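Enquirer: Below is the sequence, then the predicted model.
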Amino acid sequence: MEDKIHVIDGGVTAARGFQAAGLAAGIKKGGKKDMAMIYSEKPCVCAGTFTTNVVKAAPVKWDQKVVEESSSAQAVVCNSGIANACTGQEGYNACRSTAQAAAQALGIPADSVLVASTGVIGQQLPVPTLEEGVKNLAPLLMGTREAGALAAEAIMTTDTVKKEAAVEIELSGKKVTIGGMCKGSGMIHPNMCTMLSFITTDAEIDKALLKEALKESVQDSYNMISVDGDTSTNDTVLVLANGLAGNPKITEKKQDYEVFKKALDYVNKTLAQKIAGDGEGATALFEVKVIGAQTKEQAVTLSKSVITSNLTKAAIFGHDANWGRILCAMGYSGAQFDPEKVDLIFESKAGKIQIMKDGIGTDYSEEEATKILSEDKVTVIADIKMGEETATAWGCDLTYDYVKINADYRS
């Protein structure tokens with residue numbers, strides 16, 4: 001619970017007017033759920049952020065066009081199992097066919113349908129299977145908690161758990177809800193913004209302001225996580241706002257905008273941490289807080305350098321307080337600081353221990369440090385004593401299973 005933010009149990013169906021469904025269409029082997037649909041009873045303003053990878057999957061190109069050129073968005077269709085990346089014109093045609101099938105099934109324009117895919121790169125999608133899946137999803141659409149959960153399950157690939165979040169806020173006396181679901185476990189090093197995130201809200205908000213709020217929110221959430229340093233071809237974050245909460249339309253950056261933005265940040269950071277904590281083969285969420293920085297950029301650079309250090313990630317897996325690896329990762333980050341002023345602290349549910357003071361190791365207990373590092377969420381606090389700026393990044397430990405999962409991914 002944060003100021004004016006009430007955390008609730010929910011996902012993409014939490015906000016008024018949103019429905020969802022998930023099913024096994026036959027794209028994946030073994031009858032696993034592999035298609036999801038999100039639908040709004042009313043057309044939505046929409047914003048999106050996308051991968052900066054030069055190799056962009058067909059759905060990314062389709063969605064960029066919808067977000068920039070369409071007057072509204074009303075549905076999202078997502079498949080898992082095949083990424084529809086590096087598939088040329090045929091892959092883009094599959095996006096169009098999916099959108100047209102959804103348009104027909106839902107009675108909405110095809111250019112108001114967003115599409116997303118996740119899975120193996122380089123394979124063509126079975127279009128008849130997709131179209132049949134869309135046809136079967138439409139009558140299953142419901143606004144229930146369970147429907148949202150089924151959709152969240154259907155977009156998983158190597159994820160071990162479905163990932164959802166929802167909050168309620170008050171804007172000018174009206175209750176407004178923001179909910180979302182995401183997927184991501186491997187090939188996670190977003191820079192946009194294989195991770196996908198879909199956020200729904202019943203807030204009434206100007207499209208330009210929604211776009212700005214999302215762009216800023218992504219910087220402190222999805223862009224602050226890393227599992228393996230690989231920026232996916234499919235990274236996509238979409239926000240749909242249908243206005244059914246009935247709040248006075250947010251058209252300026254006043255109090256309602258700030259409350260909305262804070263709630264959007266909460267949902268996105270929650271989902272981002274769920275991705276990092278469910279990194280392929282991971283046993284722990286690895287959080288790095290850099291404090292006392294001179295600039296925000298310096299704090300971001302340092303914190304991300306530590307969470308992406310394979311040596312540090314391996315030490316976290318081994319519950320080894322090898323603080324030299326942390327300082328080393330900070331040192332090659334490109335950010336300037338005085339290593340002889342740095343303090344390092346390890347923290348978890350099991351306690352807190354200072355392992356370095358002014359650049360020198362303290363006389364800490366290895367046994368106590370190991371106990372602290374054995375929890376499922378481990379935090380490193382690095383104080384560089386140069387100013388007031390801070391940044392937090394999230395990653396995970398690096399385990400034997402990461403290699404196993406990715407060696408066998410297509411098998």
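Expert: Okay, I see it.

Enquirer: Please spell out which residue in this structure sits farthest from the middle.
Expert: In the chain, counting by Cα atoms, centre = their mean, D363 sits farthest out from the average C-alpha position, at 38.8 Å.

Enquirer: any idea how far it is from Q273?
Expert: D363 sits 33 Å away from Q273, going by Cβ to Cβ, to the nearest Å. Just so you know, the C-beta spots here come from the backbone N, C-alpha and C atoms, and that holds for glycine as well.

Enquirer: All the helices of the protein, residue numbers only.
Expert: Assigned by DSSP state H, the chain shows helices spanning 58-69, 88-106, 127-137, 145-154, 207-219, 255-277, 296-307, 310-317, 323-331, 366-372, 400-407.

Enquirer: between those, which gets nearest to K352?
Expert: Smallest distance to K352 across the helices of the chain (Cβ to Cβ): 7.2 Å, for helix 366-372.

Enquirer: which residues are contacting that closest one?
Expert: 319-321, 346-348, 350-353, 355, 378 (Cβ atoms under 8 Å, 6 or more residues apart in numbering).

Enquirer: Mind checking the pLDDT average for it?
Expert: Helix 366-372 carries an average pLDDT of 97.

Enquirer: ok, now stretch 141-159?
Expert: Mean predicted confidence for stretch 141-159 is 96.

Enquirer: Ok, stretch 171-190 next?
Expert: Stretch 171-190 comes out at a mean pLDDT of 90.

Enquirer: got the end-to-end distance for it?
Expert: With Cα to Cα, to the nearest Å as the measure, stretch 171-190 spans 31 Å from end to end.

Enquirer: So for that stretch, what gets flagged as buried?
Expert: Within stretch 171-190, the residues that count as buried by 16 or more other Cβ atoms under 10 Å are 171, 176-190.

Enquirer: Let me know the closest of the contacts of helix 366-372 to Q255.
Expert: Closest approach between the contacts of helix 366-372 and Q255, by Cβ to Cβ: E347, at 33.9 Å.

Enquirer: Report the spatially nearest residue to that closest one, omitting neighbours in sequence.
Expert: T379 (4.4 Å; Cβ to Cβ, 6 or more residues apart in numbering).

Enquirer: Could you do Q19 as well?
Expert: Per Cβ to Cβ, 6+ apart, closest to Q19 is L141, 4.1 Å.

Enquirer: what's the one you found in contact with, if anything?
Expert: 19-21, 37, 39, 147.

Enquirer: May I see these organised as CSV, with neighbour count and distance to K385 added?
Expert: Output for the contacts of L141, formatted as CSV (neighbours: other Cβ atoms under 10 Å; distance: Cβ to Cβ, whole Å):
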residue, neighbour count, distance to K385
Q19, 22, 52
A20, 30, 48
A21, 22, 53
M37, 27, 51
Y39, 27, 52
A147, 23, 51
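
Enquirer: Return the alpha-carbon coordinates of the longest strand along the chain using PDB.
Expert: For the chain, the strand with the greatest residue count under DSSP state E is strand 35-50. The C-alpha coordinates for strand 35-50 follow below in PDB (Å, rounded to 0.1, in the frame of the first residue of the first chain):
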ATOM      1  CA  MET A  35      -3.400 -17.800 -27.200                       C
ATOM      2  CA  ALA A  36      -4.900 -14.900 -25.300                       C
ATOM      3  CA  MET A  37      -7.300 -12.100 -26.100                       C
ATOM      4  CA  ILE A  38      -8.000  -8.800 -24.300                       C
ATOM      5  CA  TYR A  39     -11.000  -6.800 -25.300                       C
ATOM      6  CA  SER A  40     -12.500  -3.400 -24.200                       C
ATOM      7  CA  GLU A  41     -16.200  -2.800 -24.500                       C
ATOM      8  CA  LYS A  42     -15.400   0.700 -25.600                       C
ATOM      9  CA  PRO A  43     -12.600   2.000 -27.900                       C
ATOM     10  CA  CYS A  44      -9.500   3.000 -26.100                       C
ATOM     11  CA  VAL A  45      -6.700   5.500 -26.400                       C
ATOM     12  CA  CYS A  46      -3.500   3.600 -26.600                       C
ATOM     13  CA  ALA A  47       0.200   4.000 -26.000                       C
ATOM     14  CA  GLY A  48       3.100   1.600 -26.600                       C
ATOM     15  CA  THR A  49       6.900   1.300 -26.200                       C
ATOM     16  CA  PHE A  50       8.800  -1.200 -28.300                       C
END
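
Enquirer: Tell me the buried residues in it?
Expert: 35-40, 43-50.

Enquirer: nearest spatial neighbour of G91, skipping sequence neighbours?
Expert: A58 (3.7 Å).

Enquirer: Quick check, the one you found in contact with A83.
Expert: No: shown here, A58 and A83 do not form a contact pair, counting by Cβ atoms under 8 Å, at 9.1 Å.

Enquirer: Overlap in contacts, the two.
Expert: S117.

Enquirer: ok so, going back, can you list the contacts of L141 in JSON lines and add distance to K163?
Expert: Formatted as JSON lines, these follow (distance: Cβ to Cβ, whole Å):
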{"residue": "Q19", "distance to K163": "19"}
{"residue": "A20", "distance to K163": "14"}
{"residue": "A21", "distance to K163": "18"}
{"residue": "M37", "distance to K163": "18"}
{"residue": "Y39", "distance to K163": "20"}
{"residue": "A147", "distance to K163": "16"}
